[in-house]
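Enquirer: sequence and predicted structure below; questions after.
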Amino acid sequence: MKTNLENENIGRFSLKGSLFFDWFKCYNLSLTSMQGKKSVLLLAIFLSSLCYSPSVSAEQIDGIEANSVNILPSQPIEGGSITIQLGLQNTNSEEKRVEYAIYRDQISPSFRLVKNVVEVPANSLVEVNTTWSGLTAGEKTIWVEFGIENGLLADFSQSFTVQSLPDLEVTSVTFEPESGVKSGEQVNFSATISNGGEFDADSSQVRLLVDQQSIFVTVPQITSQNSVVVEGSFVAPSSGQWDLLFTADVEDDIVESDENNDFEIQYTIDPRVDFYHVGGLSVIAVNESLTGPWVYSGLLGMANGVGDYNVTLQLSATTAGGTVITSPPFVVGISAAVKSWEHTVTISDFNLPVGVHEPEVMINPFGTDEYIQENSSNDKVTTSIEILEIPDVVLDPSAILMSPIVNSGDLVDWNVVIRNTGQTAVSGVIKYVWTSQEVEINQESSPIYLSAASEISWSPPIDLRTEPGKHVAYFEATWIPASDSYDAIFSNSKATGSVDVEAPLRLTWVESSISLKDANQETHVGPLSEGEQYSLIIQLNTFATGSINYTCANNKAQVFEIISLTASDEDGDGQDQVTLVCTFTADAPTTMIQLVPEDPLASSVYTRSWSTTADLTDVVQSQNDNSIGTVFIIIMIILLLVGVLIAAIILTRESSEEVERDIFDYCPACDGELEGDEDKCPHCDFNLKKARSKFHDCEECGEFVPDLLENCPYCGAQQDVSKYFKRRERIVREKETVALPEESEEEEEDEVVQGTEDFDEAVKEFGFDAAQLESDWDENLAEAETQVEDAYDRQQELIEQEELDDEELSEIVEPTLKKASDSFSGVDLDEVLGQRDDIKPHLVDDDEELSASDAKIRERLYEITGEEGVLPGDEVVVGMGMSDRTIAGNEVPDDAMDFSFTDDASPAKESPQKEEKSRRSPRRRAPKRKETSAEEAPEPVKMVECGVCGSELKETDTECASCGSRFE
């Protein structure tokens, strides 16, 4: 709601003046004292109309006027904040509670800056303010809502502009050359720097970051919405694609609206030419001469090269004394990717002393070739050569083990490299020695022929197997020259190797071998005697070989001995059996012995305990020594128990009312005594039958429980029965004395009675039997009484239904308790029986089926679970209940196959349920009948217990009268 104030210029002018004056008022003085001089006020109002930065307007509603907001500072900038001031003028003659709210950009709860209620005195002005932080550039609007609290609100808005700061950024970069630059060459760049803000930017610096190089270029002053171009250069890094990062105002000299000034661009550096050796270096003596000349050869590769190149190579070697021997350099021309080369040196060109050398060939050794390589780490290639006066056979000093992990009993493969460094062929054999544990194998190979300057890889021809146990196995191979051959230096004709053979010892307890012997080394059976020594004997199966210590101690950390066991492997299968004997002293009341291995990974801890009898002599002596203290302690304990007993009696004492409540049933409405089978309370006429059908949620577990139960059948929580029934006053029924009708002692002499003394004989004359007539009379009378009772029950139900009001009808709910058969559907019988303590001894699963003698147990199980099953002796009809008479062994009853009928057939017999219902005793007293014999006496009705509330029910009942549970 907005109020038009065009005709209220005077009030608006007064409001403007008051608001402006309020800015400069002294808050130590009251507003009334400061408004004393009207001339000063008018002057202030006039000045405010001239210098107040935002336009001033006012809105009014219900006598409350509000000026447009005042913004400080008047020219906000991006990223800053403003203070919003609002004046609220109450022109009413009484104080008002004014509700106001200030929003940013739009009236919405998510855009609200402040919402509050202030008390504005009559004819007074109250100023409120708030802050708007984090301003963004552009046109902004402030919305104001105000009005009397809980009344209609007026709103108006005030717009202002937020100026943006300078914003420097690199918008584009060009390179010279744009491509084809190789590593080490200079690259020029031009970067365009733009100022997208509304303020001019002072001088700053832009930085280029490439391969850990930082190039700084000064950027001149840039006016708003303009750009400049700066230039610089850098040295191309190694080949590849590089991400060049330009950052404007890298020193943060200028406050910008956006400090994210990074500009990233990719630039590719082409790889330079690269020369390298392909494969290894080979050297051959001409005519197998021991004095040369020698021919060195190899392959030279070129990458990223175009055209012809002359590559300088030089052969060099370092002697054992550190002297570098070089050959004259030679040039290899190459224009393809790979070029083979050969270079022959004489003993004068490359004179190597006798011995093993590693000559190498270096590319561009002096760095004078007319090219710069991309990579110089691949410019060398080496080989091995030995200069001998006579041929020499060299074996690699370390024999090569083919398998890095070897366990005891494994086969080990060794490889030995044999090299003939001489210029003539040699022959001989390899003598090898294999040592594993105490086993040593000395063998010689078959003759081996080595041509000049050749090498072979040799392996022992037989299987070398490690022995059991953890150890180090050794291998040694030695070249033995043939009688017609030679070897100049025998020290380099031997190869050795060793391997760590792992054999982790593992032991397992053989519990069937446990025996216990006394001090006489006789087997002991039964409890131990305190203080006596015994020996625990047990065997362990071992895997692999080795030794291990076991600590024999009791549970009191008393160490009896440390036993050392050694596992051997006499038959070579890696397994053995050892015996552990631990001698210990028994300790009452229980002796616990622990056999703890020193290596927990080798074996588990074995624990065994025996019951131990104490030494009675020491006990009696100890009791005699402490008899006085014992008597004192006993007296104190007796006194303490007496005190506890007295306190328990006091705390657990019940009143007579509580005792009676535990014995009798009481009405929940009037606490009147009930016998338990009433449908209405005899004391207050409370409908007990309806109360039994009411349920509520348990406050503890949330289950649906009857209102009459004092404890939840699910969690056992106490229920407040009085919460669910209205309190009624107990009606005291006065017993009325009814006078019996006076019997006339005088007999009417005129009354004539005719009959017979023997009724049975008289009935026989009419063709009837007295017993049959009495039985028919009883049956018809019982049936008539049952029909009358059913009619009476139906009438009572109709009366009770009419008495129920709408509120009571809403309280009647259908219980959700499951039937016994539903509760146990899908439940394993053993799980159900496992929860019954009274039959748990019968649940031992010995994989035997119940026989006919277990029929009572099985019948009891079916009663508990609600399942239906067949008991021994029951007749079972399979399929359609009809068998084929033609098959031998099938006996079909005649009544099952007789489909004939007669017109005078008697009516069908009533169902067992109706028959049982007819046999139920009526509630009202039946007339006296002639006593029946023991054979004709009706069977007693079998009573069962409700599985939900525990009430007593008849076996034929289908519904619990207490909790409303239904059964099948």
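Expert: Now that the structure is in, tell me what you want to look at. This is a predicted model, so every value here is computed, not measured.

Enquirer: ends of stretch 542-562, how far apart?
Expert: Start and end residues of stretch 542-562 are separated by 19 Å (Cα to Cα, to the nearest Å).

Enquirer: mind listing what's buried along it?
Expert: For stretch 542-562, a neighbour-count test (16 or more other Cβ atoms under 10 Å) marks Thr542, Phe543, Ala544, Thr545, Gly546, Ile548, Tyr550, Thr551, Cys552, Ala553, Asn554, Phe560 as buried. For the C-beta atoms, the positions are set from N, CA and C on the backbone; glycine is no exception.

Enquirer: next one, pLDDT for the second one please.
Expert: Right, Phe543. Per-residue confidence (pLDDT) for Phe543: 77.

Enquirer: identify the bridge partners of it.
Expert: When bridges are called by DSSP bridges, Phe543 pairs up with Arg506, Gln575.

Enquirer: who's in contact with it?
Expert: Leu505, Arg506, Leu507, Thr508, Gly574, Gln575 (Cβ atoms under 8 Å, 6 or more residues apart in numbering).

Enquirer: so for those, which is the shakiest by pLDDT?
Expert: Comparing the contacts of Phe543 by pLDDT, Gly574 comes last, at 68.

Enquirer: look up phi and psi at Val788.
Expert: phi -70, psi -40 (degrees, to the nearest 10).

Enquirer: ugh, wrong one, I meant Thr958
Expert: Torsion angles, degrees, to the nearest 10, at Thr958: phi -110, psi 0.

Enquirer: and for it, the neighbour number?
Expert: 12 (other Cβ atoms under 10 Å).

Enquirer: distance of Gly80 from Ile71?
Expert: According to Cβ to Cβ, to the nearest Å, Gly80 and Ile71 sit 12 Å apart.

Enquirer: actually Asp790, not the one I wrote
Expert: 92 Å.

Enquirer: so Asp249 sits against Ser203, correct?
Expert: No. Applying Cβ atoms under 8 Å as the test, Asp249 and Ser203 come out as separate, 10.0 Å apart.

Enquirer: so what sits against both of the two?
Expert: Val219.

Enquirer: ok, those two, which is more surrounded?
Expert: Asp249 (23 against 11).

Enquirer: quick check, that one in a helix?
Expert: No. Looking at Asp249 with DSSP: H, G, I helix; E, B strand; the rest coil, it is coil, so not inside a helix.

Enquirer: ok, the spatially closest residue to it that is not a sequence neighbour - contacts?
Expert: Using Cβ to Cβ, 6 or more residues apart in numbering and skipping residues adjacent in sequence, the residue nearest Asp249 is Ser204, 4.4 Å away. Neighbour list for Ser204: Leu168, Thr218, Val219, Ala248, Asp249, Val250, Glu251, Asp253, Ile254 [criterion: Cβ under 8 Å, 6+ apart].

Enquirer: so Ser204 bridges to which residues?
Expert: In beta-bridge terms (that is, DSSP bridges), Ser204 pairs with Val219.

Enquirer: and it, how far from Ser568?
Expert: For Ser204 relative to Ser568 (Cβ to Cβ), the value is 86 Å.

Enquirer: flag every buried residue along stretch 214-221.
Expert: Neighbour-count burial for stretch 214-221 [16+ other Cβ under 10 Å]: Ile215, Val217, Val219.

Enquirer: nearest to Ala519 among those?
Expert: Each of the buried residues of stretch 214-221 was checked against Ala519 using Cβ to Cβ; the closest is Ile215, at 96.0 Å.

Enquirer: what about that closest one, which helix or strand?
Expert: For Ile215, the enclosing helix or strand under DSSP states H and E is strand 213-219.

Enquirer: and that strand, average pLDDT?
Expert: pLDDT averaged over strand 213-219 gives 85.

Enquirer: kindly format the C-alpha coordinates of it as PDB.
Expert: Output of strand 213-219 as PDB, limited to C-alpha atoms (Å, rounded to 0.1, in the frame of the first residue of the first chain):
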ATOM      1  CA  GLN A 213      61.700 -18.100 -16.100                       C
ATOM      2  CA  SER A 214      60.100 -14.800 -15.000                       C
ATOM      3  CA  ILE A 215      60.000 -12.000 -17.500                       C
ATOM      4  CA  PHE A 216      58.700  -8.600 -16.200                       C
ATOM      5  CA  VAL A 217      57.400  -5.900 -18.600                       C
ATOM      6  CA  THR A 218      56.300  -2.400 -17.400                       C
ATOM      7  CA  VAL A 219      52.800  -1.400 -18.400                       C
END
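
Enquirer: next helix or strand past it?
Expert: In N-to-C order, the element after strand 213-219 by DSSP H and E is strand 227-235.

Enquirer: tell me the strands beside that following strand, with direction?
Expert: For strand 227-235, pairing defined by DSSP bridges yields strand 186-195 (antiparallel).

Enquirer: any idea of the mean pLDDT in the partner strand?
Expert: Rounded mean pLDDT across strand 186-195 is 86.
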